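J.: Just need the structure, nothing else, for what follows:
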Amino acid sequence: MLKYQYYMIGQKLKPSRFEPTESKDHEHCVMCGATFSSYDGDLRDGLVTLDGINWVCLKCYEYYKDEYGWSILR
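T.: Numbering: from 1, shown residues only. Next up is the predicted model:
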């Protein structure tokens, strides 16, 4: 983990597929820094906070879900 992400405590997450926009061609997992994009080798699917801002990869979700108290809304 890069640093403790206090703003992620208790967040509700939803499954999502990253789709690039004119202003943003990638995002990063807030926990490990993995890249979400449409480029080969990058992640496409993950979890995002309900406001659509903070992305979490599936590995980090499994590793940190209990510590951070995350839940997934479907």
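J.: all contacts plus neighbour counts: C-alpha atoms, from now on.
T.: Will do.
J.: now whichever strand or helix holds residue 59, how far from the centre of its chain.
T.: Per DSSP states H and E, residue 59 falls inside helix 58-68. Helix 58-68 sits 10 Å away from the centroid of its parent chain (C-alpha atoms, centre = their mean, to the nearest Å).
J.: for the record, mean pLDDT for the helix or strand following it?
T.: Next in sequence after helix 58-68, counting helices and strands by DSSP H and E, comes strand 71-72. Confidence for strand 71-72, expressed as mean pLDDT, is 96.
J.: Please name the strands paired to strand 71-72 in the sheet, noting orientation.
T.: Sheet pairing of strand 71-72 (DSSP bridges) gives strand 12-17 (parallel).
J.: which residues touch the strand it pairs with?
T.: 44-50, 70-74 (C-alpha atoms under 8 Å, 6 or more residues apart in numbering).
J.: tilt between it and helix 58-68?
T.: Orientation of strand 12-17 against helix 58-68 (axes from the mean of the first three to the mean of the last three C-alpha atoms, to 10 degrees) gives an angle of 180 degrees.
J.: Given the next helix or strand after strand 12-17, what are its sheet partners and their directions?
T.: As assigned by DSSP H and E, the chain's next helix or strand after strand 12-17 is strand 26-28. In the sheet, strand 26-28 lines up against strand 35-37 (antiparallel) (DSSP bridges).
J.: ok, back up a step: the helix holding residue 59: which residues count as buried?
T.: 60-61, 64-65, 68 (16 or more other C-alpha atoms under 10 Å).
J.: sorry, back to before: kindly give a single PyMOL line that selects the buried subset of the contacts of strand 12-17.
T.: A single PyMOL command selects the buried members of the contacts of strand 12-17 (16+ other C-alpha under 10 Å):
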select buried, resi 44+45+46+47+48+49+70
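J.: Make CSV out of the contacts of strand 12-17 and add distance to residue 24.
T.: CSV is the format used below for those (distance: C-alpha to C-alpha, whole Å):
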residue, distance to residue 24
44, 14
45, 16
46, 17
47, 17
48, 15
49, 17
50, 18
70, 26
71, 26
72, 24
73, 25
74, 25
